[in-house]
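In: A predicted structure for the sequence below; I have some questions about it.
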Amino acid sequence: MKYDLIVIGGGAAGMMAAISAARRNAHVLLLEKLPSIGAKLKATGGGRCNLTNTLERESFMERFGREGRFMRDVLMACDTTMLRDFFNDIGVATHAPDGYRVFPVTHNALSVVNALEAEMQRLRVVLRCGERVEALETDGDAMFSVCSATSRYESAHVIIATGGLGYPQLGAEGEGYSLACHLGHTLKEPYPAMMPLHTKERWVAHCRADTIAKATLRINLPKAGKIVAEGDLIFTRQGIRGPVVLDLSREITPFLKRYGEVPLLINVVQGRNETQLHQHIKQQLQTNPHQSTLELLQTLLPHALTLELCRLAEVEPSVSWSRHKGEQREMLVRFMVKMPLTVVGHDGFAKAMITRGGIACKEIDPKTMQSKRVHHLYFCGEVVDIDGPCGGYNLQWAFASGWVAGMLGEGGSNLHTPILKISATF
């Protein structure tokens, strides 16, 4: 059983790679170890499927950190606009209801998976589910041998699109790492990312009903001074979660492994500094000079969090602001601007939406996603050492890198190949 291309992995990147190659008349086999394709895609965004976002290319790349520049050629081939055109072309209309995040109009991830599967059927991509790849060998430039428990396939090209280690219940086992390393590639250590975090401080459990809008989180370590995230913060029985925590967790987990705990400083007053906070308090007291400290601070914070911060600062919440000592007031203001919390753990890959780490970018041609070590071997999606924050970043990368990998080496010379339907001939 010989093919022009074998794609290993039936997630977002793998399906897009298969479609891209098949539209160029390649005879494609897609192998997926689970009983059906797109398991993780179906769960994305709580089932709503945040496909991408509306940021310009440069801003988009910046959100990925150091490895963001690696994405430039891929995003030139398939940026946000091109990806939305692609989905519209296969029957999935999209919109950005908040002007930023892009969803299918159905807000149903299943509609996305079904449309991708229908397009693969139209292009006669051969799909084999329940086929776990156990070995990948090559005899050089001529042919790859791909072996499952029951079958052996041959192909001139192979794309590894197996994802990372996040959400093992949805099939993530990291087998792509071992396949790539067997062929000489280097694995950047994988860390769980985009997940809730556990804190040393137990008082957070008293604030579980609270969501803090536009909180700012900073890692309070010498080597992490510039790492900052902003967004909604939610307290849990064991620690913290919410969009801002999901974004920052990808930065925290490597530090956590190195140091055992990671101190945070959190601004819970929508970015106000101490001077601005004092000004707010002064204005409130001019309106009502006799209000209690609790009433005063509840103009900024939820009741439960106000009580906990008063306790930390050893301030009696029922007493008026002016009756407290100056150092107590200053400490309370400082806690609101730089509230200390200490991350001590997490639930590991079991709750991680994405993986930080993967196949080293320096070993992949960014124009084509082809291996620099093994000719005709390609990578796409989360298996590569590329990870971004929540908000459509990682799915855009998965689809775009899959599209370029499916060009089978044409990426560098043909970056602007149309992504609308191209009829395949057999």
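Out: Looks like it came in fine.
In: what comes up buried for the helix or strand where residue 82 lies?
Out: Per DSSP states H and E: residue 82 is located in helix 80-89. Buried residues in helix 80-89, counted by 16 or more other C-beta atoms under 10 Å: 80, 82, 83, 84, 86, 87. Placement of C-beta: from N, CA and C, glycine included.
In: pLDDT weak spots in the stretch 251-400 of the chain?
Out: Across the stretch 251-400 of the chain, nothing is flagged by pLDDT under 70.
In: ignore what I typed, I meant the stretch 1-150 of the chain.
Out: 141.
In: quick one: residues contacting the residue nearest to residue 33 when sequence neighbours are not counted.
Out: Excluding the flanking residues, the one nearest residue 33 by C-beta to C-beta, 6 or more residues apart in numbering is residue 132, at 3.9 Å. Going by C-beta atoms under 8 Å, 6 or more residues apart in numbering, residue 132 touches 33, 148, 149, 175.
In: give me the buried subset of those residues.
Out: Using 16+ other C-beta under 10 Å, the buried ones in the contacts of residue 132 are 33, 148, 175.
In: could you export those as a markdown table, including secondary structure?
Out: What follows is the buried ones among the contacts of residue 132, written out as a markdown table (DSSP: H, G, I helix; E, B strand; the rest coil):
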| residue | secondary structure |
| --- | --- |
| 33 | coil |
| 148 | strand |
| 175 | helix |
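In: just the closest of the residues you listed to residue 50, please.
Out: When those are compared for distance to residue 50 (C-beta to C-beta), residue 33 wins out at 25.3 Å.
In: hmm, residue 128 and that closest one touching each other?
Out: No: assessed by C-beta atoms under 8 Å, residue 33 is found out of contact with residue 128, at 9.7 Å.
In: just the CA coordinates of the helix holding residue 82, formatted as CSV?
Out: Provided in CSV are the C-alpha atoms of helix 80-89 (Å, rounded to 0.1, in the frame of the first residue of the first chain):
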residue,chain,number,x,y,z
THR,A,80,-6.3,34.8,9.7
THR,A,81,-8.1,36.1,6.6
MET,A,82,-7.0,33.1,4.4
LEU,A,83,-8.0,30.6,7.1
ARG,A,84,-11.5,32.2,7.3
ASP,A,85,-11.8,32.1,3.5
PHE,A,86,-10.9,28.4,3.6
PHE,A,87,-13.6,27.5,6.1
ASN,A,88,-16.1,29.6,4.3
ASP,A,89,-15.2,27.7,1.2
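In: which helices and strands does it pack with?
Out: If you count contacts as 3 or more C-beta pairs under 8 Å, 6 or more residues apart in numbering; DSSP states H and E, helix 80-89 packs onto strand 52-53, strand 94-95, strand 101-104, helix 393-405.
In: which helix in this protein has the most residues?
Out: helix 243-259 (DSSP state H).
In: report the buried residues of it.
Out: Buried residues in helix 243-259 (16+ other C-beta under 10 Å): 243-256.
In: okay, angle between it and helix 393-405 too, please.
Out: Interaxial angle, helix 243-259 versus helix 393-405 (axes from the mean of the first three to the mean of the last three C-alpha atoms, to 10 degrees): 80 degrees.
In: which other helices and strands contact helix 243-259?
Out: Judged by 3+ C-beta pairs under 8 Å, 6+ apart, the packing partners of helix 243-259 are strand 187-193, strand 197-199, strand 211-219, strand 228-235, strand 262-267, strand 339-345, strand 354-359.
In: return the most buried member of these.
Out: strand 354-359 (a mean of 26; mean count of other C-beta atoms under 10 Å).
In: now for the helix or strand that comes right after that one, which elements pack on it?
Out: Going down the chain from strand 354-359, the next helix or strand is strand 377-379, by DSSP H and E. In terms of contacts (3+ C-beta pairs under 8 Å, 6+ apart), strand 377-379 is packed against strand 152-160, helix 393-405.
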